[in-house]
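K.L.:
sequence unknown, structure follows:
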């Protein structure tokens with residue numbers, strides 16, 4: 001009996017008792033609990049150019065190119081690019097709100113588009129390249145409208161802000177070859193981006209405040 005009590009005392013001192021084991025399991029379960037992720041959808045012209053600024057943000061899990069804002073189901077790139085489906089090229093952002101907020105995503109969005117252009121974005125013309133914040137709930141709508149209002153009051157743009165803030169329709173991922181195009185085809189992407197005039201415009205408007 002004395003030997004058994006001695007062994008139990010040693011085990012308890014080492015933290016091997018039932019309570020310690022239970023506590024460790026509880027901590028492990030808490031540590032393994034997945035983060036609650038949220039989504040945001042933005043349209044800013046060519047979706048190739050809208051993935052990189054979001055993907056570099058801490059807390060962003062993914063940025064998927066796709067189509068939003070039109071009634072047709074599962075449209076193709078060819079159909080959307082014709083301008084007949086009503087969709088816009090867009091990106092769906094999946095993010096961890098404990099690391100990056102929706103308000104911060106909005107700030108990145110505004111600094112990567114021309115919100116005064118109602119006919120497209122830069123070299124790409126037509127409603128399929130329009131800028132828009134596609135809101136998923138009332139809180140996103142409230143934050144987007146407040147952010148747009150601040151941009152109108154204090155932003156660097158001379159013209160009115162025409163970017164729409166509208167309820168999101170179904171988001172359809174674009175074809176696989178469009179995903180992370182800037183990584184898969186870096187030379188073609190850089191050539192397109194330079195030729196589009198996007199960076200020249202953003203650098204002129206925002207200067208050092210733009211960020212990258």
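P.N.:
Thanks, I have it. Note that the coordinates shown come from a computational prediction; the quantities given were computed from them, not determined experimentally.
K.L.:
beta partners for the residue most central in space within the chain?
P.N.:
In the chain, the centroid-proximal residue (Cα atoms, centre = their mean) is residue 93; its distance is 2.8 Å. For residue 93, the residues forming beta bridges with it (DSSP bridges) are residue 40, residue 63.
K.L.:
go ahead and confirm it touches residue 62.
P.N.:
Yes - under the criterion of Cβ atoms under 8 Å, residue 93 makes contact with residue 62 at 7.5 Å. For every residue, glycine as well, the C-beta is placed using N, CA and C.
K.L.:
residues contacting the residue nearest to the centre of the chain?
P.N.:
39-42, 54, 60, 62-63, 105 (Cβ atoms under 8 Å, 6 or more residues apart in numbering).
K.L.:
equivalent analysis for residue 68, please.
P.N.:
So residue 68 contacts 41, 43, 87-88, 90, 92, 132, 134, 168-172 (Cβ under 8 Å, 6+ apart).
K.L.:
how about residue 96?
P.N.:
35-38, 59-61.
K.L.:
and which of those is nearest to residue 114?
P.N.:
residue 60 (22.7 Å; Cβ to Cβ).
K.L.:
grab the nearest non-local neighbour of the closest one.
P.N.:
Distances taken as Cβ to Cβ, 6 or more residues apart in numbering place residue 95 nearest to residue 60, at 4.9 Å, with adjacent residues excluded.
K.L.:
next, the one you found: phi, psi?
P.N.:
As for residue 95, its main-chain torsions (degrees, to the nearest 10) stand at phi -140, psi 160.
K.L.:
burial count for residue 199?
P.N.:
Here the number of neighbours of residue 199 (other Cβ atoms under 10 Å) works out to 15.
K.L.:
picking that back up, wouldn't the residue nearest to residue 60 be in contact with residue 38 here?
P.N.:
Yes - counting by Cβ under 8 Å, residue 95 does reach residue 38; the two are 6.1 Å apart.
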